[in-house]
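A.B. asks: Turn this into a model:
(chains A and B)
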2 protein chains.
Amino acid sequence: MKQYLTATTASVLALAVSQALAADLEMANKIRHEGLYQSEVLHTLEYLTDEIGPRLTASPQMTAANQWTLKRLQSWGLKNAELHPFEFGRGWSSSASSIVLTAPRAVSLHGIPVAWTPGTNGPVAGEVMMFDVNTEAELAQYAGKLRGKFLMMGEDLKIEPPNTIIFERLGSDKLNSLKDADVGARPSYESAMTKALRASRKQAYQFNKALSAFLVKEQAAGVIYRSSRQGGLVRVFGKSHKIGETFGVPAIIIEQEDYGQLLRMLDRKEQPQLTLDIKAQFHDDDKNAYNTLAEIPGSDKNGEVVMVGAHLDSWHASDGAVDNGAGVAVAMEAVRILSKLKVKPKRTIRIALWSGEEQGLYGSRAYVNDFLASRPAPTDPAEKALPRYLWSSPGWPIAPKAGYDKLSVYLNMDNGSGRFRGIYTEGNVAVKPVFTDWFGPYMDLSSGTVSPRSTGGTDHESFDDVGLPGFQFIQDPLDYSTRLHHTHIDSIDHVIEDDLKQASVIMAGFLYEAAMAEKKLPRKPMPTPASTVQQQRQDLESQKERRKAELEAKSTLESGQL
Amino acid sequence: MKQYLTATTASVLALAVSQALAADLEMANKIRHEGLYQSEVLHTLEYLTDEIGPRLTASPQMTAANQWTLKRLQSWGLKNAELHPFEFGRGWSSSASSIVLTAPRAVSLHGIPVAWTPGTNGPVAGEVMMFDVNTEAELAQYAGKLRGKFLMMGEDLKIEPPNTIIFERLGSDKLNSLKDADVGARPSYESAMTKALRASRKQAYQFNKALSAFLVKEQAAGVIYRSSRQGGLVRVFGKSHKIGETFGVPAIIIEQEDYGQLLRMLDRKEQPQLTLDIKAQFHDDDKNAYNTLAEIPGSDKNGEVVMVGAHLDSWHASDGAVDNGAGVAVAMEAVRILSKLKVKPKRTIRIALWSGEEQGLYGSRAYVNDFLASRPAPTDPAEKALPRYLWSSPGWPIAPKAGYDKLSVYLNMDNGSGRFRGIYTEGNVAVKPVFTDWFGPYMDLSSGTVSPRSTGGTDHESFDDVGLPGFQFIQDPLDYSTRLHHTHIDSIDHVIEDDLKQASVIMAGFLYEAAMAEKKLPRKPMPTPASTVQQQRQDLESQKERRKAELEAKSTLESGQL
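C.D. replies: Numbers count the residues shown, from 1 in each chain, chains lettered A, B, ... in the order given. Okay, here's the model as predicted:
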């Protein structure tokens, strides 16, 4: 029928649709004014990053961030502010560290401890040796050889010329390709690709336990990892935060340039010697971590909810400004704007600032599990004892809880501090006209590109995995992945205030429209285990993603970061 | 007459010219084979950078580099190898340093000491304070306020988004623009532009002396400078190396990100506290520094000489790989190739590896002054006591010495490690056909662009300033100025071996052709003091360069690096 539609009929229909869906333009004016000209977003970010600093999950600084965000949200008039606890493990922090090459020549190197590894209890001197071991079977050959040694964890890799472009805004070509993209769903949990990735991660996880026990027994002085970014950047990770699984010897990550130099000295038989001094503490007073929650209560719609969120935790290398202070500051600014405007939303607007994201979406998964939909844990006790990301099944069936039908949408921000250029619909084609409409009042600020693509790796996954609408915006990449992500320069210096303001305004606009809409947002069907045919098809379709994931898995294995 | 030349006549003439100038293609074949397939250039560079390390002028490591290059050149069969001494001042080295923020929160910062500043004699703790002072008159207000304090040297500057492109090879557009460029001579010593630059440098020099005396008297704990590159890079400089002028208190340069954080803490009245520990030593056993010299003696041409050179000294932040281990390794490799091929050059081929370049072309100026042409020093004792770069006149008249008429050409390399894409003729239009011809056998490896442009800031200037032909090649910029120049990541990791091989081959080819050519290279007329008219014209023409230099001067002043 479509092809016989006359132009006039189409226009009339388009107008009708447009009117039915039209965003509240008067409210948009107010949101823009408050968000662009009365912004507090940078102030919020400065407190989180400069004053509190890094917010490693369950660390004292993360506790401070939970407390401060709770009070701040209350001070803006949000209600039902609370900390939502979930079981996590040990806290950890480091107050200082140094690594000095003392022979064959003397120079201070640049490194940062691996999270959740012990301190040195004062300066420790020792020889450096190569330790390129990736399996438990290879350990035995080192028996009796490691006492007092610093171990270089992995082979020398030549540093390639850097990415030519390190700072990018999306051009119309890239935006159009996102708009026209295939759905590109995330590979299913049961696909060959994710199975292979899980298998390699499980191997790394188990190897790390054996490695730790071996290094303790052999009395190694410490281990040295190579940063996974070049150019003087120290990019960090952590060992296990579980009680009873703490890595046994001090571990530090150093610049690729320093790492390569030590290995070349070994190659030349110059026997490099180091002095390592790491001040680090565990914090075992509380085995929980906490999400910060607060609301602007809804007046109508029978307890329905729209959510905005971002993870409050960060790695410890710097202040976690673009990962993910930016997302937190924007989510907070969005609800501040709405609260300041004294909106009376039909649905409750709830903000959630997650913890434990960096270690595997712990906070958001706990929230979903506690309030929205639970999934059965493995029955095998050995498998159940593994971290959730190693379970062979995500848990079927999904059991919806009271909140499941009440949630309209969850909006997440965790792709750096770049401005919003559009939104990913995670394969939910029914939301496209809705989002297009919601972008209406902000098209002068944004391209408003609506992409069918799926994105992974952050907290909206916890919602999407149980069939709830969870989304992320398309953001300008800036220098997020080229140099800031998890590195020692993820500080507020690299955040562009105008981008944060723009994102805050659009986030507030989307939240408001979601809270006021006649209907909840359309959902994809409830997830089911993927059929074999679907798995095979997905695997074929995602050759590119697979290769990328495999490379990442390899790099994960090499750095032993699980 | 030219316009009546027939096509045939032109071809015949072109052929004749081509034959007269033709490069020695058989020798080019041999040079290419040795330089591309039997290269030792990376091995040489590895020794200089990885084994010896940083080569600060007059430091023990620079002494080791002088000794090693001397022996290495001898081992390749070069003759008359010797160290050429010149008066320099103090040696300095640092074996380790740390700077730890202890309040309001605890974290290790990343810094490197300013060269030629004293160590701390163990860890020193103190409060941080702002000290944004640029003139002697402003010092008095701080009397009685600095005891035990760490002083932040200059205002907070917002970190701008990074250069989009950090790694670059020259495209044909840029090469063509170099080919077609105006002569673009360096501004004359007497021009308003260089006068203004000298005046600001003199002010900085004198301010630094007053500052040092004041800080010693007031017992400040130390001073903290902001790195002049962002993104976690520590870019270093030095204070005075002259005996009797040593800066009085410990000084360190820290990352822009760390610097900005300290200033924001001060703005918020959080009173940051630091512990600084710098291990540094002066080396006063020898007030000289040394150039390494060696030759492949010529068989003919009455003692005429062609020279190749590069500065062997580096800053202390890293291993001085692209500034200027690369230039040294290429110069050495060029003479190694020629020596290996047992060439019998008509003119002597001399290599000079300069010291003291980073502090103001000390080594090459001393060489020129001792052997090629001297210039009168100022008669005013006060002016004479200043560093040479602050003298109000370069010294007229130029007095040629015995070597002056014997030198055909000096070829320098000091623009990073990028491959040779052409050469700058420094306004000497008569050399264009010669260089074009010499590039002939290497046009498959290089664009062979011959530019009329002048370049400054390194040792060929010492030759050009007295009217001797000194040149530099056009090199691919790579990431030299965006992140490597004087920073803590100037290590061999960022050198591309193929580029060094290419440069070595072309350098060897040019040296051989220069040594064998029928005539010495054409020269520009002997320099004379610039006329007022010329100065005015130059100043008009170099608006762009002036602005750049002024900005650099401003940044120099701000960082107090003179």
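
A.B. asks: okay, CA-based contacts and neighbour counts for the rest of this
C.D. replies: Will do.

A.B. asks: which SSE is residue A:108 in?
C.D. replies: For residue A:108, the enclosing helix or strand under DSSP states H and E is strand A:107-109.

A.B. asks: mind checking how far that strand is from the chain centre?
C.D. replies: The chain centroid and the centroid of strand A:107-109 are separated by 32 Å, computed with CA atoms, centre = their mean, to the nearest Å.

A.B. asks: Could you do stretch A:61-78 as well?
C.D. replies: Relative to its chain's centre, stretch A:61-78 lies at 20 Å (CA atoms, centre = their mean).

A.B. asks: what packs against the longest helix along chain A?
C.D. replies: Ranked by residue count and defined by DSSP state H, the top helix of chain A is helix A:192-218. In terms of contact count using 3 or more CA pairs under 8 Å, 6 or more residues apart in numbering or on different chains; DSSP states H and E, helix A:192-218 is assigned the packing partners helix A:532-541, helix A:543-559.

A.B. asks: Quickly, which of those bottoms out on average pLDDT?
C.D. replies: Comparing mean pLDDT across those, the lowest value falls on helix A:543-559: a mean of 53.

A.B. asks: Look up the closest residue to residue A:143, ignoring the ones flanking it.
C.D. replies: Once its chain neighbours are removed from consideration, residue A:143 has its nearest residue in residue A:218; the separation is 6.8 Å (CA to CA, 6 or more residues apart in numbering or on different chains).

A.B. asks: Check which residues of the longest helix of chain A are buried.
C.D. replies: With burial defined by 16 or more other CA atoms under 10 Å in any protein chain shown, the residues of helix A:192-218 counted as buried are A:192-198, A:200-205, A:207-216, A:218.

A.B. asks: cool, and stretch A:370-380?
C.D. replies: With burial defined by 16+ other CA under 10 Å, the residues of stretch A:370-380 counted as buried are A:372-374, A:378.

A.B. asks: Quick one: end-to-end length of it, please.
C.D. replies: With CA to CA, to the nearest Å as the measure, the ends of stretch A:370-380 fall 22 Å from one another.

A.B. asks: With stretch A:369-379 instead?
C.D. replies: The stretch stretch A:369-379 measures 17 Å between its terminal residues, going by CA to CA.

A.B. asks: One more: stretch A:464-477?
C.D. replies: Start and end residues of stretch A:464-477 are separated by 23 Å (CA to CA).

A.B. asks: Show residues contacting that stretch.
C.D. replies: A:167-170, A:373, A:398, A:404, A:407-426, A:449, A:455, A:460-461, A:463, A:521-527 (CA atoms under 8 Å, 6 or more residues apart in numbering or on different chains).

A.B. asks: Which of those fall within strands?
C.D. replies: Under the assignment DSSP state E, the contacts of stretch A:464-477 contribute A:373, A:407-412, A:420-424, A:449 to strands.

A.B. asks: Let me have the residues you listed in TSV, extended by pLDDT and distance to chain B.
C.D. replies: Formatted as TSV, the ones in strands among the contacts of stretch A:464-477 follow (pLDDT from 0 to 100; distance: CA to the nearest CA, whole Å):
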residue	pLDDT	distance to chain B
A:373	98	40
A:407	98	39
A:408	98	37
A:409	98	34
A:410	98	31
A:411	98	27
A:412	98	25
A:420	98	18
A:421	98	19
A:422	98	22
A:423	98	24
A:424	97	26
A:449	97	24
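
A.B. asks: Look up which helix or strand residue A:279 falls in, please.
C.D. replies: In this assignment (DSSP H and E), residue A:279 forms part of strand A:273-283.

A.B. asks: elements contacting that strand?
C.D. replies: Packed against strand A:273-283, as judged by 3+ CA pairs under 8 Å, 6+ apart, are the following elements: strand A:91-103, strand A:124-130.

A.B. asks: got JSON lines for those, with mean pLDDT too?
C.D. replies: As requested, these are exported to JSON lines (pLDDT from 0 to 100):
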{"stretch": "strand A:91-103", "mean pLDDT": "97"}
{"stretch": "strand A:124-130", "mean pLDDT": "98"}
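
A.B. asks: Please identify the deepest-packed of those strands.
C.D. replies: Relative to the other members of the helices and strands packed on strand A:273-283, strand A:91-103 carries the highest mean neighbour count by mean count of other CA atoms under 10 Å in any protein chain shown, namely a mean of 22.

A.B. asks: and the strand holding residue A:279 with strand A:124-130, angle?
C.D. replies: Using axes from the mean of the first three to the mean of the last three CA atoms, to 10 degrees, the interaxial angle of strand A:273-283 with respect to strand A:124-130 works out to 110 degrees.

A.B. asks: What lies in contact with strand A:273-283?
C.D. replies: Strand A:273-283 is contacted from outside by A:58-60, A:90-104, A:113, A:116-128, A:150, A:250, using CA under 8 Å, 6+ apart.

A.B. asks: These: which ones sit near chain B?
C.D. replies: If you filter the contacts of strand A:273-283 for contact with chain B, counting by CA under 8 Å from any CA of the partner chain, you are left with A:94-98, A:100, A:102.

A.B. asks: hang on, the earlier thing: C-terminal to the strand holding residue A:279, what's the next element?
C.D. replies: Elements were assigned by DSSP H and E; along the chain past strand A:273-283, the next helix or strand is strand A:288-296.
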